[in-house]
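Student: Sequence and predicted structure, then a few things I'm wondering about:
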Amino acid sequence: MTSAISALPQNYRYVDIVCLPESAAIFKMHPRVRHVFVMPRHLKGLVKVLAYFNFYKRIAVNSYDLLAHFSNDWRGAILQRLFPATLSVGRKTHRRGKFWHQSFDALAESLDDFRPIAEQDVDLLRAVKLFNSKKAPPYLVRPSSKQRAKIKSWLSRKSISANKKLVVIHAPSRWKFKELPIATWARVINVLKEKKFDVVLCGSKEDLLTNQAIFASCTIKPVVTNNFSLSDTAALYSLAHLVLTIDSMSTHLASATQTPVISIFGPSNERNWGPWGGKHRVIALTTENSPTFACRPCGKDGCEGSKISQCLIQMEPDLIINEALKMLR
């Protein structure tokens, strides 16, 4: 969505965002965003009821020229019904009925499997004649100078010098069918370290076990982050020369910081979910480099529901290493 925020005409001076708690830190780093209203769906009982009351109360004091609703969450239609903006736009979806579709002045087409999601988000603004360019803007987040200084200090304490190129690797996923084998990452890191690149294994506290397993398998040890926040991670990416990542939010965060990124895809469709803007490459087994995997992208959670994706298990580490070295050159 940061692409669509950037695509808004400049006379839309104030942009407020309604989002889930997990996304709030991203939008707070976009220079055009004024307020971020977080839906309190993570709460329970009376606390949740009171939180929703305050949520709607904070929105009600504003008068909006535009409501653009990017998901099919019913709350978007409710917001437009309760506090109608001058102009509203949503997206067609088979999951909602008349109430949903009649809540908005205009509707963009349903999502497809062929175009980047950034382009399909910006379609909402095209539907109401607010954006006419053929190509959507790049993703954008801008870590604060204070955040960057904090991470520079952390890198210094880890003996990572500005004189050497820095590669940040994001290997874990909450969906295991998107992960590469530990041995693959260990091989990639060993070669990068042999060639005198600094390497940081990055992730949240939930990712630490996977990162520790990779660390233990490396002959030449990388640095491992511990419980970095999204804003910490964005600042780290902005200081890196390359982000090497699986198909995950890290792909988009790296694009948004304008850091060169290589994203490794398995079952997911890179035409929808690949990097957007900036210098990037996608690595995936295709009919061109591996006829065995003409089945991908299948969109499944592993081969035959196994939660294991052979198109990632069988990917040669040298394929990743060669692309990384090309990008770093």
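Tutor: Cool, the structure landed. Residues are numbered from 1 along each chain as shown.
Student: switch to C-alpha atoms for all contacts and neighbour counts from now on
Tutor: OK.
Student: quick one: low-confidence ranges for the stretch 101-250 of the chain?
Tutor: When residues are selected by pLDDT under 70, none of them lie in the stretch 101-250 of the chain.
Student: what ranges do the helices span in it?
Tutor: 117-127, 145-157, 182-194, 208-217, 230-239, 249-256 (DSSP state H, counting those that start in this stretch).
Student: just checking, next helix/strand downstream of the longest helix along the chain?
Tutor: Counting by DSSP state H, the longest helix found in the chain is helix 45-60. Sequence-wise, the next helix or strand downstream of helix 45-60 (DSSP states H and E) is strand 66-68.
Student: What's the first helix or strand after that following strand?
Tutor: Next helix or strand after strand 66-68 toward the C-terminus (DSSP H and E): helix 74-82.
Student: buried set for that following helix?
Tutor: Neighbour-count burial for helix 74-82, with 16 or more other CA atoms under 10 Å as criterion, is recorded at Gly76, Ala77, Leu79, Gln80.
Student: Go ahead and name everything in contact with that helix.
Tutor: With contacts defined as CA atoms under 8 Å, 6 or more residues apart in numbering, helix 74-82 is touched by Leu67, His69, Ser88, Phe99, Trp100, Ser103, Phe104.
Student: and the two most separated of those?
Tutor: Maximum pairwise distance in these, criterion CA to CA, is 16.4 Å, between Leu67 and Phe99.
Student: neighbour-wise, which of the two wins?
Tutor: In this view Leu67 and Phe99 are compared by other CA atoms under 10 Å, and Leu67 has more residues nearby, 22 against 12.
Student: Would you confirm that that one contacts Asp105?
Tutor: No: judged on CA atoms under 8 Å, Leu67 makes no contact with Asp105 at a distance of 9.8 Å.
Student: tell me, what's touching these two both at once?
Tutor: Common neighbours of Leu67 and Asp105 (CA under 8 Å, 6+ apart) are Leu87, Ser88, Val89.
Student: what's Lys92 in contact with, if anything?
Tutor: Contact analysis of Lys92 by CA under 8 Å, 6+ apart lists His101, Leu107, Ala108, Glu109, Ser110.
Student: Also Ala183?
Tutor: Ala183 is in contact with Ile214, Ser217, counting by CA under 8 Å, 6+ apart.
Student: For it, give its distance to Ala171.
Tutor: Distance, Ala183 to Ala171, by CA to CA, to the nearest Å: 12 Å.
Student: So what's the residue count around the nearest residue to Asn269 once chain neighbours are set aside?
Tutor: Once flanking residues are discounted, Asn269 sits nearest to Pro297: 5.3 Å by CA to CA, 6 or more residues apart in numbering. By other CA under 10 Å, 18 other residues sit near Pro297.
Student: Find the centremost residue of this protein, please.
Tutor: Met249 (3.0 Å; CA atoms, centre = their mean).
Student: List the backbone torsions phi and psi for Pro116.
Tutor: phi -60, psi 140 (degrees, to the nearest 10).
Student: what about it, distance to Arg271?
Tutor: Using CA to CA, we find Pro116 at a distance of 6 Å from Arg271.
Student: Compare the two (neighbour count), which wins?
Tutor: Pro116 (19 against 14).
Student: Contacts only, for the more buried one.
Tutor: Counting by CA under 8 Å, 6+ apart, Pro116 makes contact with Arg271, Asn272, Trp273, Gly274, Trp276.
Student: can you rerun that using 6 Å?
Tutor: Listed by CA atoms under 6 Å, 6 or more residues apart in numbering, the contact set of Pro116 reads Arg271, Asn272.
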